[in-house]
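Undergrad: Pasted the sequence and its predicted model underneath.
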Amino acid sequence: MTYLQNLFNQGCAGLIIERFGDQTDFSQGALLFTVGSTSGLPFYRSAINEGAGFSWSVAPLPHTTDEPVQNVYGASLSIPKGVKESELAAWLFIKYFTSPEVQAEWIHASNYLPVRSSASGGMADFLSTQPDYAAAFEMLPHSTTEPSVPGYNFVRGMVEEAMEAILEGEGVQSTLDQLNQDANLNLAEQGS
């Protein structure tokens, strides 16, 4: 965070205020890079084709580890406790939805990454026509999911707020210390 704060202080980075402003600025060649979801790739593709029309691709974030570590995030599928028939119906739908064939169709419609690597068998045509998505797909072996614990979504929001505060000039260590304290408190409350 100190590194990021220094980039902002030196005018090498800035906050994007307008919705999809990073996509617009990137498509016009005003940003060196932007961070987003694979679901946004068709919008980037379209904006770049209508904007500056440059060659671009997807790459991992800078890293100090031997291999990049990519965050994989998406909507969760769950089966709420209820009537046994409803639970069975939900399980059957999840079984169907996560099958390799359906996952291969799902990525065509959503541009999300599949939930299972075996879906890749039905994705060859898509991967060959969408090189930006293919580059993101190749990073899956270096992926990790966000914690699956009660209250994590609240903590995710806290992290975002802390990052914004730091980028706007708040003290790095004091903000991170407070974030850690608040996040642990939240997780303890949600977990009990």
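TA: Happy to help now that I have it.

Undergrad: Residues in contact with stretch 149-168: which ones?
TA: Stretch 149-168 is contacted from outside by 1, 4-5, 8, 13, 15, 146, 172, 175-176, 178-179, 182-183, 186-187, 189-191, using CB atoms under 8 Å, 6 or more residues apart in numbering. (C-beta placed from N, C-alpha, C; glycine too.)

Undergrad: Now the buried members of the residues you listed.
TA: By neighbour count, with 16 or more other CB atoms under 10 Å, those hold 5, 172, 175-176, 179, 183, 186-187 as buried.

Undergrad: and Y112, what does it touch?
TA: Here Y112 is in contact with 37-39, 74, 106 (CB under 8 Å, 6+ apart).

Undergrad: Just give me the least confident of those residues.
TA: By pLDDT, G74 ranks lowest within those, coming in at 72.

Undergrad: Quick one: which of the contacts of Y112 is the most crowded by neighbours?
TA: Ranked by neighbour count (other CB atoms under 10 Å), the contacts of Y112 have T38 at the top, with 21 neighbours.

Undergrad: Where do the domain boundaries of the protein fall?
TA: Domain assignment for the chain by automatic domain parsing gives 84-145, 148-192.

Undergrad: What's the end-to-end length of the first one?
TA: The one in question is domain 84-145. Start-to-end span of domain 84-145 (CA to CA, to the nearest Å) is 30 Å.

Undergrad: Adjust the sequence numbering to begin at 788 for everything that follows.
TA: Got it, first residue is 788 now, which makes that one domain 871-932.

Undergrad: Serialize the domains of the chain to CSV and add fields for distance to F830.
TA: Converted to CSV, these look like this (distance: least, CB to CB, whole Å):
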stretch, distance to F830
domain 871-932, 9
domain 935-979, 21
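
Undergrad: closest to D809 out of these?
TA: Nearest to D809, of all the domains of the chain, is domain 935-979, at 14.1 Å by CB to CB.

Undergrad: roughly how far is the closest one from the heart of the chain?
TA: 18 Å (CA atoms, centre = their mean, to the nearest Å).

Undergrad: And stretch 907-920, by the same measure?
TA: 19 Å.

Undergrad: now stretch 870-888
TA: Relative to its chain's centre, stretch 870-888 lies at 25 Å (CA atoms, centre = their mean).

Undergrad: swap in stretch 910-928?
TA: 16 Å.

Undergrad: Pull up the distance across it, start to finish.
TA: 17 Å.

Undergrad: any idea which element P829 lies in?
TA: Applying DSSP states H and E as the criterion places P829 in helix 828-837.

Undergrad: and whichever helix or strand comes after that helix, which strands flank it?
TA: Going down the chain from helix 828-837, the next helix or strand is strand 857-859, by DSSP H and E. Counting by DSSP bridges, the strands paired with strand 857-859 are strand 930-932 (parallel).
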